[in-house]
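**Q** this is the structure alone, sequence omitted:
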């Protein structure tokens, strides 16, 4: 459902109402078409960050641009994205340059830059996720500005986020942020592609990510330089919302974009539907899962009431997971419902799917557990 609000969506991200904010900057904004840093524009972003810091807001930056910068220095074709090897090499060179730019510009405002490079596994594995969260928290307590990026030098196709929009949402969860702003080369979510449809209208507030809303996205980036797109941004909004974090897409093409957003409005605000905390927030933001459990309509209704997932409501088990692995829970039509920690190995789960509790012991050869996925280890998305 999309609702209109009388107050500016930007008010949700002001220092008075958002104590800790993640700001994501895409490659197309940070790097020009020749592969050089748009230093004057970026200095304006840093000035905005300094003002927010002075007002008491802690800031975490998620910065793209390493591959684009490295490709220019190595003279690689297709912006360094012709192959995985080229992208990894470009990232290795570009990350040094990118860190130097952030250090210089933040330093000019009296702020200390801290570089944090992450892979998907750093945030998908629970123990490593907690380590990342502790590191970010300590850096913020010490007054530093963490600058996060995906570690594209070592990340492969199978173990990477693939876009910094979802990394920003996941980092927001780890950082305990209350807001995420995606500075973009579009000024929000539109009812259609504004580049090709003159009737397209910007949606100021999204209260729920319905199938109709998700269908409005396309997977393309405008510049061809980055790896995101509106589809990635909506997935990021879904991840952030599951942890109770508000997310906004706003126009980053203007000078001083954070100030512009605060004063002139615009953009699209995605309201968080719930406020999962701790392990449930981590579960909701998982990108990789070990398997999938499909449930019937009765189980869907029970889960929405806060119940555990019982084997009787399960119609299909996919994947080869072990007890304690993260699994996806989907409805009868394949719609995503949630994430949870499996209470059984996949083979045992297949053996008891569809069975009531009083029938399971004879099949398993041991006393069954209370649930296939317990409510304490399950979160809806």
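**A** Nice, thanks for sending it over. Predicted, not measured: the structure shown is a model, and the values here were computed from it.
**Q** going by C-alpha atoms from here, please, whenever you check contacts or count neighbours.
**A** OK.
**Q** which other helices and strands does the longest helix along the chain contact?
**A** Criterion DSSP state H: the longest helix present in the chain is helix 84-108. Here helix 84-108 touches helix 39-54, helix 66-74, strand 112-118, going by 3 or more Cα pairs under 8 Å, 6 or more residues apart in numbering; DSSP states H and E.
**Q** so what touches it?
**A** Contact with helix 84-108 is made by 43, 46, 65-71, 73-74, 76, 80-81, 112-113, 115, 147, 151-157, as judged by Cα atoms under 8 Å, 6 or more residues apart in numbering.
**Q** for ChimeraX, what selects the buried ones among those residues?
**A** ChimeraX command restricting those to the buried ones, with burial defined by 16 or more other Cα atoms under 10 Å:
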select :43,46,65,66,67,68,69,70,71,76,80,81,112,113,115,147,151,152,153,154,155,156
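**Q** if we can go back for a sec, where among the helices and strands packed on helix 84-108 is average confidence lowest?
**A** Of all these, the minimum mean pLDDT falls on helix 66-74 (a mean of 92).
**Q** now do the host helix or strand of residue 213: distance to the chain's middle.
**A** Counting by DSSP states H and E, the element that carries residue 213 is helix 211-214. How far helix 211-214 lies from its chain's middle: 18 Å, per Cα atoms, centre = their mean, to the nearest Å.
**Q** cool, stretch 369-381 as well?
**A** Counting by Cα atoms, centre = their mean, stretch 369-381 comes out at 23 Å from the chain centroid.
**Q** what comes up buried for that stretch?
**A** Applying 16+ other Cα under 10 Å to stretch 369-381 flags 371, 372, 373, 374, 375, 377, 378, 379, 380, 381 as buried.
**Q** need the residues you listed in JSON lines with pLDDT, secondary structure and distance to residue 255, can you?
**A** As requested, the buried residues of stretch 369-381 are arranged in JSON lines below (pLDDT from 0 to 100; DSSP: H, G, I helix; E, B strand; the rest coil; distance: Cα to Cα, whole Å):
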{"residue": "371", "pLDDT": "93", "secondary structure": "coil", "distance to residue 255": "54"}
{"residue": "372", "pLDDT": "95", "secondary structure": "coil", "distance to residue 255": "52"}
{"residue": "373", "pLDDT": "94", "secondary structure": "strand", "distance to residue 255": "49"}
{"residue": "374", "pLDDT": "90", "secondary structure": "coil", "distance to residue 255": "49"}
{"residue": "375", "pLDDT": "89", "secondary structure": "helix", "distance to residue 255": "47"}
{"residue": "377", "pLDDT": "86", "secondary structure": "helix", "distance to residue 255": "45"}
{"residue": "378", "pLDDT": "90", "secondary structure": "strand", "distance to residue 255": "43"}
{"residue": "379", "pLDDT": "86", "secondary structure": "strand", "distance to residue 255": "40"}
{"residue": "380", "pLDDT": "86", "secondary structure": "strand", "distance to residue 255": "39"}
{"residue": "381", "pLDDT": "79", "secondary structure": "coil", "distance to residue 255": "36"}
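**Q** from those, which is closest to residue 190?
**A** Proximity of the buried residues of stretch 369-381 to residue 190 (Cα to Cα) peaks at residue 381, which lies at 22.9 Å.
**Q** in contact with the closest one, which residues?
**A** So residue 381 contacts 238, 239, 242, 284, 336, 337, 338, 339 (Cα under 8 Å, 6+ apart).
**Q** quick check: the fourth one touching residue 243?
**A** In this case it means residue 284. Yes: in this structure residue 284 lies within contact range of residue 243 using Cα atoms under 8 Å: 7.2 Å.
**Q** and these two? Which one has more around it.
**A** A direct count of neighbours by other Cα atoms under 10 Å for residue 284 and residue 243 places residue 243 higher, at 31 against 26.
**Q** contacting residues for the closest residue to residue 310 other than its chain neighbours?
**A** Computed as Cα to Cα, 6 or more residues apart in numbering, the closest residue to residue 310 that is not its neighbour in sequence is residue 371, at 4.9 Å. By Cα under 8 Å, 6+ apart, the residues touching residue 371 are 308, 309, 310, 311, 343.
**Q** where along the chain do the strands fall?
**A** When secondary structure is read from DSSP state E, the chain shows strands at 20-25, 58-63, 112-118, 144-150, 179-184, 205-206, 246-251, 268-270, 291-295, 314-319, 326-330, 336-341, 378-380.
**Q** can I get these in a markdown table with distance to residue 216?
**A** Output for those, formatted as a markdown table (distance: least, Cα to Cα, whole Å):
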| stretch | distance to residue 216 |
| --- | --- |
| strand 20-25 | 22 |
| strand 58-63 | 25 |
| strand 112-118 | 30 |
| strand 144-150 | 27 |
| strand 179-184 | 16 |
| strand 205-206 | 12 |
| strand 246-251 | 14 |
| strand 268-270 | 13 |
| strand 291-295 | 26 |
| strand 314-319 | 29 |
| strand 326-330 | 22 |
| strand 336-341 | 18 |
| strand 378-380 | 23 |
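**Q** below-threshold pLDDT in the stretch 51-200 of the chain: ranges please.
**A** The stretch 51-200 of the chain contains residues with pLDDT under 70 at 156-162.
**Q** oh sorry, the question was meant for the stretch 251-381 of the chain
**A** Ranges of the stretch 251-381 of the chain meeting pLDDT under 70: 274-279.
**Q** helices of the stretch 101-250 of the chain, start to end?
**A** For the stretch 101-250 of the chain, the helices defined by DSSP state H, counting those that start in this stretch occupy 120-124, 126-141, 164-175, 211-214, 230-242.
**Q** tell me which of those helices sits most buried.
**A** helix 164-175 (a mean of 28; mean count of other Cα atoms under 10 Å).
**Q** chain center to that helix: distance?
**A** For helix 164-175, the distance to the chain centre is 4 Å (Cα atoms, centre = their mean).
**Q** state the distance from residue 58 to residue 172.
**A** 12 Å (Cα to Cα, to the nearest Å).
**Q** fine by me, we can end here.
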